[in-house]
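Visitor: Requesting a structural model of the entry that follows:
(one chain, ligands or ions: 2)
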Amino acid sequence: MSDTTAPIELPVIDITDPNDPAVGKAMLDAAAKYGFLYVNSKGSDFSVEDVDRGFGLSKKFFASPAAEKETCRITPNNRGWSGMHTETLDPEHQRTSKSTNPSIINQTQNPSLTSPRAMNFGDFVNGKAQQPLPASLTPHESEIHDFATLCNKTCSRILNLLALGLEVPQDFLTSRHDPSKGPTGSILRYLYYPSIFSPATASYKHDKDVRAGAHSDYGSITLLFQRPGQPGLEILTPEGTWAPVPIVPGPQPDAFPFPPILVNIGDLLSYWTDGLLKSTVHRVVFPLTEQRSPNPQDRYTLVYFCHPVDTTELVPVPSKVVTEHREKSGGVGVVGFGGGAGSMEPGKRPLTAAEHLESRLAATYGFTKE
Ligand SMILES: O=C(O)CCC(=O)C(=O)O
Ligand SMILES: [Fe+2]
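Guide: Residues are numbered from 1 along each chain as shown. Ligands and ions are numbered 1, 2, ... in the order given. Prediction:
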């Protein structure tokens with residue numbers, strides 16, 4: 001299942017009008033077929049400057065001294081900085097050696113492991129981060145908060161359109177993702193992947209090593225901002241091959257003010273819709289095209305993982321589209337992690353969003369709640 005095939009062609013959806021049922025249908029179809037789609041940057045809530053500023057802050061952070069980053073090392077609430085070797089996204093394949101013993105690969109001191117450098121920001125309260133910020137970012141707290149707020153606004157458009165496609169009350173999803181109603185698991189994340197030519201990764205091979213192991217995301221939807229000339233994302237197709245996702249789709253790269261925002265469905269929304277919406281496995285590699293480029297670049301991405309308010313109960317979505325899917329697929333099968341919301345046992349209370357997230361984080365970081 002490790003062949004890399006032709007790049008995948010995903011639809012680009014214009015979300016300027018979040019109340020257009022035809023757009024809602026197109027959004028739902030893409031989410032059900034691929035689990036991935038692009039949102040046209042033109043109809044999003046972001047200006048070119050907003051996105052440039054976000055990438056500028058990320059670069060500033062990753063260029064700052066390690067001792068400064070250490071002051072905000074990642075904690076069990078998933079906030080903070082992780083250098084290499086903290087995440088175990090896909091322990092089977094995330095290695096350079098041929099060893100197949102996961103207990104060896106899983107050791108954080110194993111120098112052959114690679115994982116992205118990341119900085120995670122959780123909810124802001126009244127514009128204030130609820131976590132230590134490093135010296136490089138303390139003067140920029142309000143800009144980081146503004147970026148996260150824009151992400152949440154764009155997610156609201158997308159969730160509104162998905163609700164239209166699902167034919168449920170239009171605010172069914174947005175009202176459950178409103179951070180003013182309480183803490184959420186949402187995370188804004190800066191990511192940095194050195195190019196295969198950088199000293200940190202020079203011994204790596206494009207066909208053996210990955211920059212971020214195969215995984216699915218945990219939340220409802222994820223926004224991914226990418227820069228031209230910094231490819232690497234691949235998604236697992238239903239045929240079991242890896243398909244690269246172009247940064248700018250289509251024949252006219254200049255058609256967009258900045259590269260379209262890549263959106264994908266996470267495990268929670270897949271669980272909530274009994275697998276109708278797909279939480280597609282993806283990974284980040286050192287692409288061959290990039291290695292052959294005369295000017296190979298490090299890859300920086302900005303990611304926003306949108307989660308519901310923690311206390312949201314993941315009751316079955318009251319959607320006839322979901323019900324039809326459930327009936328057609330012969331009941332709820334294995335959906336993400338722990339079955340689907342529709343397989344709730346009588347008399348048992350539904351899982352909350354916070355419980356769903358906790359179970360996924362425990363699997364990735366080995367964190368367990370006391
Ligand atoms: O940086 C990327 O391209 C993807 C990141 C990603 O998949 C993640 O952080 O979950
Ligand atoms: Fe991901």
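
Visitor: okay, CA-based contacts and neighbour counts for the rest of this
Guide: Noted.

Visitor: Surely residue 243 is in a strand?
Guide: Yes. Per DSSP: H, G, I helix; E, B strand; the rest coil, residue 243 lies within a strand segment.

Visitor: Where do the helices of the stretch 201-350 of the chain begin and end?
Guide: Using DSSP state H, counting those that start in this stretch, the helices of the stretch 201-350 of the chain run over 267-272, 288-292, 320-328.

Visitor: How about residues contacting the shortest one?
Guide: Right, the one you point to is helix 288-292. Residues from elsewhere that reach helix 288-292 (Cα atoms under 8 Å, 6 or more residues apart in numbering): 196, 206, 229, 230, 231, 296, 297.

Visitor: hmm, back to that, and among the helices of the stretch 201-350 of the chain, the most buried is which?
Guide: Mean neighbour count (mean count of other Cα atoms under 10 Å) peaks for helix 267-272 among the helices of the stretch 201-350 of the chain, with a mean of 28.

Visitor: just checking, what packs against that one?
Guide: Secondary-structure packing of helix 267-272 (3 or more Cα pairs under 8 Å, 6 or more residues apart in numbering; DSSP states H and E): helix 353-365.

Visitor: how about the helix it packs on, does it reach ligand 1?
Guide: No. Residues of helix 353-365 contacting ligand 1 under Cα under 6 Å from any ligand atom: none, with a closest distance of 11.5 Å.

Visitor: so what's residue 60 up against?
Guide: Taking Cα under 8 Å, 6+ apart as the contact definition, residue 60 lies against residue 136.

Visitor: gap between it and residue 222?
Guide: Remark: distance between residue 60 and residue 222 (Cα to Cα, to the nearest Å) = 23 Å.

Visitor: Could you do residue 147 as well?
Guide: Residue 147 is 14 Å from residue 222, where distance means Cα to Cα.

Visitor: Residues of the stretch 51-200 of the chain that sit close to ligand 1?
Guide: So the stretch 51-200 of the chain meets ligand 1 at residue 191 (Cα under 6 Å from any ligand atom).

Visitor: Which residue is it, in the stretch 51-200 of the chain, that comes closest to ligand 1?
Guide: Scanning the stretch 51-200 of the chain for proximity to ligand 1 using Cα to the nearest ligand atom identifies residue 191 as nearest, at 6.0 Å.

Visitor: Looks like that residue contacts residue 302 (just checking).
Guide: Yes. Using Cα atoms under 8 Å, residue 191 is in contact with residue 302, at 6.2 Å.

Visitor: Can you pull out the low-pLDDT segments for the chain?
Guide: Flagging of the chain using pLDDT under 70 yields the residue ranges 1-2, 84-115, 202, 204-207, 330-339, 364-370.

Visitor: run the last query once more with 90
Guide: 1-5, 76-78, 83-116, 194-213, 238, 250-254, 286-297, 316, 326-349, 357-370 (pLDDT under 90).

Visitor: circling back to that earlier point, looking at residue 147 and residue 222, which has the bigger crowd around it?
Guide: Between residue 147 and residue 222, counted using other Cα atoms under 10 Å, the more crowded position is residue 222 (24 against 19).

Visitor: Now that one: closest residue in space that isn't a chain neighbour?
Guide: Using Cα to Cα, 6 or more residues apart in numbering and skipping the chain neighbours, the partner closest in space to residue 222 is residue 305 (4.5 Å).

Visitor: For that neighbour, name its beta-bridge partners.
Guide: With DSSP bridges as the criterion, residue 305 is bridged to residue 187, residue 222.

Visitor: Report the contact partners of it.
Guide: Residues near residue 305 by Cα under 8 Å, 6+ apart: 186, 187, 188, 189, 217, 218, 219, 220, 221, 222, 223.

Visitor: Relative to residue 64, which of these is nearest.
Guide: Nearest to residue 64 among those, counting by Cα to Cα, is residue 189 at 16.6 Å.

Visitor: other SSEs contacting the helix or strand hosting that closest one?
Guide: Per DSSP states H and E: residue 189 is located in strand 187-193. Contacts defined by 3+ Cα pairs under 8 Å, 6+ apart place strand 187-193 against helix 48-63, strand 117-121, strand 299-306.

Visitor: so which of those comes closest to residue 245?
Guide: Closest of the helices and strands packed on strand 187-193 to residue 245 is strand 299-306, at 13.8 Å (criterion: Cα to Cα).

Visitor: picking that back up, enumerate every residue touching the residue of the stretch 51-200 of the chain closest to ligand 1.
Guide: Applying Cα under 8 Å, 6+ apart to residue 191 gives the contacts 58, 116, 117, 118, 119, 300, 301, 302, 303.

Visitor: pretty sure the second one is touching residue 193, no?
Guide: The reference is to residue 116. Yes. Applying Cα under 8 Å, one finds residue 116 in contact with residue 193, separated by 5.7 Å.

Visitor: who has more neighbours, the two?
Guide: Ranked by neighbour count (other Cα under 10 Å), residue 116 and residue 193 place residue 193 first, with 25 against 22.

Visitor: excluding its backbone neighbours, what's nearest the more buried one?
Guide: That would be residue 299: by Cα to Cα, 6+ apart, it lies 5.0 Å from residue 193.

Visitor: To what extent is that neighbour buried, counted in neighbours?
Guide: Quick note: residue 299 (other Cα under 10 Å) scores 20 neighbours.

Visitor: So it sits against residue 225, correct?
Guide: No. With contact defined as Cα under 8 Å, residue 299 and residue 225 do not form a contacting pair (11.1 Å).
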